[in-house]
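[1] just to be clear, the model below is a prediction. Sequence and coordinates:
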Amino acid sequence: MPKVISIHSYRGGTGKSNFTANIAATIALQGKRVGVVDTDVPSPGIHNLFCLEPEQTTHTLNSYLWGEISIEEAAYDVSRNIGLSDDAGGRLYLVPSSVKADSIARILRDGYDVRLMNDGFRKLVKSLQLDYLFIDTHPGLSKETFLSIAISHVLILILRPDKQDYQGTAVTMDVAKQLKVRKLLLAINKVYGQLNPDALKQKVEETYGEKVAGVFPLSEEVVQLASEGVFCVRYPEHPISQTFRQVAAQIDQG
């Protein structure tokens, strides 16, 4: 059965899009058919990680939400950009949001029918025969976020070891429980080297009563990549890439 996974954070700057790209690529490289939708329409950016340039995206999620195209027409096959050959079992598709200033302004001014988003997700899963659909959400809480959370089989919340993130994550978890999320996982990102990851994991799990799927250090290698590619594709044997594989395995567990 296909799974819908939302990747969310209460605040921006947590590395949410980077996390989404890496976990999606990890699963696609395991032979699965994976889709990613960038619903962060006010500040899109995940296309950079998949090396998809704005001039290549004549159709976007915005076009679909305005009734100009079908959702499938906005799905770009970026499999080759993560090293998957045409005859490989796994595929990776990306539905980007527009980076054009007038398109972003129009979305912010006029909004859109959030029900179209839900319909689009379902059509995408069916038409592309996806095993997994990842939703890269806009930070914070909004009606669009509520929709993504409500229809997800798995919600992964990204947080940093930061007081504001801790408080915001607590609020988000309360909302997720009210929406009856089926499975919730936490991922701690950008952890400073002087912090003990095992102790941090235990503290967060005890605080929230939910499982921490992975602890990711603040990595100079990730910073140096500067969003020009997917880290786990460039450095498959790196400990961070191994942690992404561990998180991927937990998505399907119980």
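    Noted; the coordinates are in hand.
[2] and residue 76, what does it touch?
    52, 56-57, 93-96 (Cβ atoms under 8 Å, 6 or more residues apart in numbering). Backbone N, C-alpha and C define where each C-beta goes, glycine included.
[3] tell me the spacing between it and residue 59.
    8 Å (Cβ to Cβ, to the nearest Å).
[4] sketch out the low-pLDDT regions of the chain for me.
    254 (pLDDT under 70).
[5] max-length helix in it?
    Counting by DSSP state H, the longest helix found in the chain is helix 163-178.
[6] helices of this structure, start to end?
    Taking DSSP H as the test, the helices found in the chain are 16-28, 46-49, 61-65, 101-110, 114-127, 143-151, 163-178, 197-208, 220-225, 231-234, 239-251.
[7] minimum distance to residue 185: which of the ones you listed has it?
    Minimum separation from residue 185 across the helices of the chain (Cβ to Cβ) falls at helix 239-251, 6.3 Å.
[8] residue 208 contacts residue 174, correct?
    No. With contacts counted by Cβ atoms under 8 Å, residue 208 stays clear of residue 174, the gap being 10.4 Å.
[9] counting neighbours, go ahead and name the busier of these two.
    More crowded of residue 208 and residue 174, by other Cβ atoms under 10 Å: residue 208, with 17 against 10.
[10] ok, now which ones touch the more buried one?
    Residue 208 touches 169-170, 173, 186, counting by Cβ under 8 Å, 6+ apart.
[11] among those, the buried ones, what's the PyMOL command?
    Only the buried members of the contacts of residue 208 enter the following PyMOL selection, criterion being 16 or more other Cβ atoms under 10 Å:
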select buried, resi 169+173+186
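[12] which one of the contacts of residue 208 sits closest to residue 32?
    residue 186 (22.9 Å).
[13] dig out what that closest one forms beta bridges with.
    Bridge pairing for residue 186 (DSSP bridges) gives the partners residue 157, residue 212.
[14] so how far is residue 194 from it?
    Relative to residue 194, residue 186 is positioned 21 Å away (Cβ to Cβ).
[15] most distant residue from the middle of the protein?
    residue 194 (27.6 Å; Cα atoms, centre = their mean).
[16] distance of that one from residue 212?
    To residue 212, residue 194 is 19 Å away according to Cβ to Cβ.
[17] residue 3 now?
    20 Å.
[18] return the residues in contact with residue 48.
    By Cβ under 8 Å, 6+ apart, the neighbours of residue 48 are 227-228.
[19] if we use 6 Å, what do you get?
    Neighbour list for residue 48: residue 227 [criterion: Cβ atoms under 6 Å, 6 or more residues apart in numbering].
[20] the one 3 residues further on too?
    When contacts are counted by Cβ under 6 Å, 6+ apart, residue 51 is found next to residue 81.
[21] and it, what are its phi and psi?
    phi 60, psi 40 (degrees, to the nearest 10).
[22] returning to that earlier point: need the winner for burial among the helices of the chain.
    helix 16-28 (a mean of 27; mean count of other Cβ atoms under 10 Å).
[23] same for that helix, what does it pack against?
    strand 3-8, strand 33-38, helix 46-49, strand 132-136, helix 231-234, helix 239-251 (3 or more Cβ pairs under 6 Å, 6 or more residues apart in numbering; DSSP states H and E).
[24] hey, what's the closest residue to residue 252 other than its chain neighbours bridged with?
    Using Cβ to Cβ, 6 or more residues apart in numbering and skipping the chain neighbours, the partner closest in space to residue 252 is residue 3 (7.6 Å). Taking DSSP bridges as the rule, residue 3 bridges to residue 132.
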